[in-house]
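>>> Got a predicted model here, sequence first, then my questions.
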Amino acid sequence: MGQPTQRPFSLDDLDEIIKSRAAASADSSYTKSLLDRGQVHCAKKFGEEAVEFVIATTQADSAAITSEAADVVYHLLVALQASKVPLEKVLGELQRRTGMSGHEEKAARG
């Protein structure tokens with residue numbers, strides 16, 4: 001018998017890790033040190049990572065795009081945690097939007 005297959009890493013897994021690190025010490029957890037600096041700092045850090053992703057994308061550097069995308073996703077979830085907005089709420093909003101075309105959804109927002 002071989003190794004049991006491991007399920008793929010998910011956004012829920014990352015979200016749970018971030019939640020658990022929120023209770024850790026800032027000395028031992030980068031996530032906690034971000035959260036301790038507050039919502040505005042976490043939002044700015046997310047913005048920095050998003051810009052780095054855009055730069056990597058414009059340079060068509062696949063490895064950098066992958067790395068920066070991972071940073072964007074991580075910092076988005078940290079910013080959500082700092083803002084006390086659960087990932088489930090964001091996923092629910094995305095699910096709601098899948099019931100209409102992108103043009104209809106955008107028009108509905110005004």
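Thanks, I have the structure now. Keep in mind the model is a prediction, meaning the values are calculated, not measured.
>>> which secondary structure elements does the helix or strand hosting residue 51 contact?
Taking DSSP states H and E as the criterion, the element that holds residue 51 is helix 39-58. Helices and strands touching helix 39-58, by 3 or more CB pairs under 8 Å, 6 or more residues apart in numbering; DSSP states H and E, are helix 30-36, helix 62-82. For glycine as for every other residue, the C-beta is placed from the backbone atoms N, C-alpha and C.
>>> Excluding sequence neighbours, find me the nearest residue to residue 22.
Take residue 22 and drop its neighbours on the chain: the residue closest to it by CB to CB, 6 or more residues apart in numbering is residue 35, 5.5 Å away.
>>> before we move on, the earlier item: CA atoms only for the helix holding residue 51 - export them in PDB, please.
Taking Å, rounded to 0.1, in the frame of the first residue of the first chain, the C-alpha atoms of helix 39-58 are listed here in PDB:
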ATOM      1  CA  GLN A  39      -6.400  46.900   9.900                       C
ATOM      2  CA  VAL A  40      -4.900  49.800   8.000                       C
ATOM      3  CA  HIS A  41      -1.400  48.300   8.100                       C
ATOM      4  CA  CYS A  42      -2.800  45.000   6.800                       C
ATOM      5  CA  ALA A  43      -4.600  46.700   4.000                       C
ATOM      6  CA  LYS A  44      -1.500  48.600   3.000                       C
ATOM      7  CA  LYS A  45       0.500  45.400   3.000                       C
ATOM      8  CA  PHE A  46      -2.100  43.800   0.800                       C
ATOM      9  CA  GLY A  47      -1.800  46.700  -1.600                       C
ATOM     10  CA  GLU A  48       1.900  46.500  -1.800                       C
ATOM     11  CA  GLU A  49       1.700  42.800  -2.600                       C
ATOM     12  CA  ALA A  50      -1.000  43.400  -5.200                       C
ATOM     13  CA  VAL A  51       1.300  46.000  -6.900                       C
ATOM     14  CA  GLU A  52       4.200  43.400  -6.900                       C
ATOM     15  CA  PHE A  53       1.800  40.900  -8.500                       C
ATOM     16  CA  VAL A  54       0.900  43.400 -11.200                       C
ATOM     17  CA  ILE A  55       4.600  44.100 -11.900                       C
ATOM     18  CA  ALA A  56       5.400  40.400 -12.100                       C
ATOM     19  CA  THR A  57       2.500  39.900 -14.500                       C
ATOM     20  CA  THR A  58       3.600  42.700 -16.800                       C
END
